[in-house]
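In: Below is the sequence, then the predicted model.
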Amino acid sequence: MFVVLVRTVVLYGLLVVGIRMLGKRQLGELEPSELTLALIIADLASVPMQDNGIPLLAGVIPIVVLLSIASILSVLSTKSIRFRTLLGGRPSVVVRQGQVVEQALRENRLTLDELMEELRILGYPYLEDIHTAVLEANGQLSVLPFAAQQPATAQQVGQTPQDRGLPLVVISDGRLLSQDLRGRGYSDQWLAQQLQARGLHSHKQVFLLTVDNLGNTYCIPKEGKT
């Protein structure tokens, strides 16, 4: 059993390294070469993990070789646009000026129903509202609506809102993050005032408390603690 445990830990570690080399992507965002690599590595690891009669190196060496190949391909992709296009494909315009590009659908083996489904998911049910829709190399769909359909920005309406910055978590599930509180320039007394204003007596009664650059706070008390 100990041997099985050690073999499993070693192979699992290699798999984690392999997935990390693919970058922080979801499975549906992997390029064809990356998905192929992930599938082969998983299959290579499963055999020696289940059969103790197979030497561990029989699984480790092919995985290391594949990871090395992935690193080389990654470097080549950053150096050569042609190689990157050959390996991962190129984006395709599937909707142009409100019209579906039928040839692009056929080349990417994408049905009209699948296209309309993706557009509805992205919040664009009407083709006439779409200036350009691009099927990216990773399979994701990017949509650019016509200018009249785009939401107005603050600059366009003559407004100059203040930048609230990124909200900082001060209390997380009853735990006080003192270092973050001090880093934003607030004291324990300020925190006590914020809690008292909401009828709370301790940070342990708070599920979430955030504060932005303008001093605006957002508080969610724990259920049953108010």
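Out: That came in fine, so what should we check first?
In: those strands in this structure, which residues are they?
Out: With DSSP state E applied, the chain shows strands at 92-96, 99-100, 130-135, 141-145, 168-172, 175-176, 206-211, 217-221, listed in chain order.
In: In TSV: those, plus distance to A197 and mean neighbour count.
Out: For every residue, glycine as well, the C-beta is placed using N, CA and C. Formatted as TSV, the strands of the chain follow (distance: least, C-beta to C-beta, whole Å; neighbours: other C-beta atoms under 10 Å):
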stretch	distance to A197	mean neighbour count
strand 92-96	51	18
strand 99-100	55	13
strand 130-135	47	20
strand 141-145	42	16
strand 168-172	14	19
strand 175-176	17	14
strand 206-211	12	20
strand 217-221	9	15
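In: export the ones you listed to a markdown table and tack on distance to G183 and mean pLDDT?
Out: Shown next, in a markdown table, are the strands of the chain (distance: least, C-beta to C-beta, whole Å; pLDDT from 0 to 100):
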| stretch | distance to G183 | mean pLDDT |
| --- | --- | --- |
| strand 92-96 | 46 | 94 |
| strand 99-100 | 52 | 94 |
| strand 130-135 | 41 | 94 |
| strand 141-145 | 37 | 94 |
| strand 168-172 | 8 | 92 |
| strand 175-176 | 13 | 92 |
| strand 206-211 | 11 | 93 |
| strand 217-221 | 16 | 93 |
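In: who wins for proximity to G59 among those?
Out: strand 130-135 (36.6 Å; C-beta to C-beta).
In: Strand partners (parallel or antiparallel) of the closest one?
Out: Paired neighbours of strand 130-135 in the sheet (DSSP bridges): strand 92-96 (antiparallel), strand 141-145 (antiparallel).
In: So in the protein, which helix runs the longest?
Out: Ordering each helix of the chain by length in residues (DSSP state H) puts helix 57-79 first.
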